[in-house]
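**Q** Any chance you can model this:
(one chain, ligands or ions: 2)
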Amino acid sequence: METADHSLLHGLATIVGEGQVLVDPADTASYYEDWRGRYHGRALAVLRPGTREEVAAVVARCAAAQVAIVPQGGNTGLCGGATPQGTRPEVVLSLARLNRLREIDVANATLTVEAGMTLFAVQEAAAEAGLRFALSLAAEGSAQIGGNLSTNAGGTAVLRYGNARQQVLGLEVVLPDGRIWHGLRALRKDNTGYDLKHLFIGAEGTLGIITAAVLQLQPRPKASATAWVAVADAGAAVHLLMRLRDALGERLSAFELVARVCVELVLEHLPETRDPLPGFPWYVLVEVQDSLAAGGLPELLEAALGESVTAGDALDALIAQSQAQAASFWRLREAISEAQKREGFSIKHDVSLPVSRLPEFLDRAGEAVASAFPGVRVVAFGHLGDGNLHYNLAMPRRADNAALIDATPQANRLVHDLVAALSGSISAEHGLGQLKREEIRRYKSALELELMARIKRALDPQGIMNPGKVL
Ligand code: FAD
Ligand code: ZN
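**A** Ligands and ions are numbered 1, 2, ... in the order given. The predicted structure follows:
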């Protein structure tokens, strides 16, 4: 390490404390690799500040030294956004120690939390206040709220409550020059010019560091029912969605599509799981919730599913008879990413389309990839109710998989061109990070790219915030 780097790290240690500057490879390894093991990077150090003032001082000092900063939350992102690249002097700034609950305002139904609280801890804090924080995803035990906001995360509650962006009233952000923007307003109405918080939400750490947020809460659900439903194909699933929406209205809180092959992967890699309805090509996990305790929700769901079976939209259905059974249905859905990771690498796509066009997408994409890559396994699942599919490709035999992974650009072209032709997006909820930074240039207009670049230059003229990501 050069003397300039030494003196920078020494200066940073005076801000965050000696023990919070990690340089030993044994300490830094997990910060320099992403969750899937696809991205590996290097940095001068990992810094773990404990307060927003420390974050601000670190950023100011790095800015003065022209050293770039990679913000990192729970490091569960799927696009390499939190992994340093090592192509220029960088530090990783972990938000893990900024994990305090600052305020609960029950009458206002808001929580003020620091960025490093895990999503699960935020959900727990809301529940303790008798309310609900309506963002939910399989990585919630380790993903942090700051990471959720920075990726504008989606997950399984979007159908009813919207994505992360919809849950935020205010933000506190350390800007790339080290100043703190105190935007922690707890207001549902505030039309006083540009709504700056939305610039930072979904920016993947390229415009500043979120240090705290005011989150809006929802009434706690007091009744719920969950079903595992077999369907013939995605077209039938869309009909089922329309029928349930009509019968159950806003109570419909999750509608997740799962291809048979996903269930098989989960059963193989997570031995404690069981198959509730063997032998069907597709499944839908349906959840309905009500904030009234009045009974009858399972019966309402059962009646609607009965009609769906009669009409031929559903082939069979099981309504969970206990919370444990409902949890086991959710486990099947939520373990898919983990099972796939254990199976080996895959080519991941995270696409969104108008719900009405998903069946056509699946048909046409299926034909295209099968003819380009004979024998390919399509692992398709996701948030059908939001028009969002995870469309992952792998070869069943490990020996063939490396060649498929090498053909990622070709596979992306087939899938993403079709998505574009059907007026969809090539990143529904995971973001761009490093993974889709080049890819997006084919699909966004020159004008949109220019506006994004101008916003980046306006806020971060030195380009020190998370370089090489998004733009
Ligand atoms: P990280 O991975 O640490 O960072 C993600 C990005 O945000 C990086 O660019 C990073 O630089 C930036 N960042 C992090 N914290 C801050 C901050 N405080 N200020 C500024 N920038 C910051 N995602 C979904 O949307 N829906 C899902 O259903 C879903 N399911 C998943 C299931 C599994 C099993 C896994 C492993 C991941 C899943 N994800 C899902 C992806 C991931 O969990 C989300 O993107 C999550 O929001 C990332 O949070 P994190 O704290 O881990 O962020
Ligand atoms: Zn998802």
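**Q** Which single residue of the stretch 51-200 of the chain ends up nearest ligand 1?
**A** Gly147 (2.0 Å; Cβ to the nearest ligand atom). Where C-beta positions appear, they are placed from N, C-alpha and C, glycine not excepted.
**Q** doesn't Cys79 make contact with that residue?
**A** No - judged on Cβ atoms under 8 Å, Gly147 makes no contact with Cys79 at a distance of 11.7 Å.
**Q** Among those two, which residue is more densely surrounded?
**A** The residue with more neighbours, out of Gly147 and Cys79, is Gly147; 29 against 25, by other Cβ atoms under 10 Å.
**Q** for the stretch 1-150 of the chain, what spans make up the helices?
**A** All helices of the stretch 1-150 of the chain, identified by DSSP state H, counting those that start in this stretch, fall at 3-16, 25-28, 52-64, 119-128, 145-150.
**Q** and the longest one, what does it pack onto?
**A** Under the contact definition 3 or more Cβ pairs under 8 Å, 6 or more residues apart in numbering; DSSP states H and E, helix 3-16 sits against strand 21-22, helix 52-64.
**Q** Make JSON lines out of those and add mean neighbour count.
**A** What follows is the helices and strands packed on helix 3-16, written out as JSON lines (neighbours: other Cβ atoms under 10 Å):
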{"stretch": "strand 21-22", "mean neighbour count": "20"}
{"stretch": "helix 52-64", "mean neighbour count": "20"}
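**Q** Could I get these in JSON lines, plus columns for mean pLDDT and distance to ligand 1?
**A** Shown next, in JSON lines, are those (pLDDT from 0 to 100; distance: least, Cβ to the nearest ligand atom, whole Å):
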{"stretch": "strand 21-22", "mean pLDDT": "98", "distance to ligand 1": "16"}
{"stretch": "helix 52-64", "mean pLDDT": "98", "distance to ligand 1": "9"}
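**Q** Taking the centroid of the protein, which residue is nearest it?
**A** Ala153 (3.9 Å; Cα atoms, centre = their mean).
**Q** which residues sit in contact with it?
**A** Leu135, Leu137, Ala143, Gly147, Asn163, Ala164, Glu429 (Cβ atoms under 8 Å, 6 or more residues apart in numbering).
**Q** near ligand 1, which residues of the stretch 301-450 of the chain?
**A** Proximity of the stretch 301-450 of the chain to ligand 1 is confined to Ser337, Glu338, Glu429, His430, Gly433 under the rule Cβ under 6 Å from any ligand atom.
**Q** and the nearest residue to Val415 once chain neighbours are set aside, how many neighbours does it have?
**A** The shortest distance from Val415 to any non-neighbouring residue, by Cβ to Cβ, 6 or more residues apart in numbering, is to His349 (5.1 Å). Residues within reach of His349, counting by other Cβ under 10 Å, total 23.
**Q** right, and His349 touches Asn392 too?
**A** Yes - in this structure, His349 is within contact of Asn392 by Cβ under 8 Å, at 6.7 Å.
**Q** pLDDT weak spots in this structure?
**A** Residues of the chain meeting the criterion pLDDT under 70: 1.
**Q** how does it look with 90?
**A** Low-confidence segments of the chain, defined by pLDDT under 90: 1-6, 86-87, 291-295, 397-399.
**Q** Now for the residues of the stretch 301-450 of the chain next to ligand 1: which two are most distant?
**A** Pairwise distances across those peak at 19.9 Å for Glu338 and Gly433 (criterion: Cβ to Cβ).
**Q** of the two, who's got more company?
**A** Neighbour count, other Cβ under 10 Å: between Glu338 and Gly433, Gly433 has more, with 24 against 15.
**Q** For that one, which phi and psi angles does the backbone take?
**A** The phi and psi torsions at Gly433 (degrees, to the nearest 10) take the values phi 50, psi -140.
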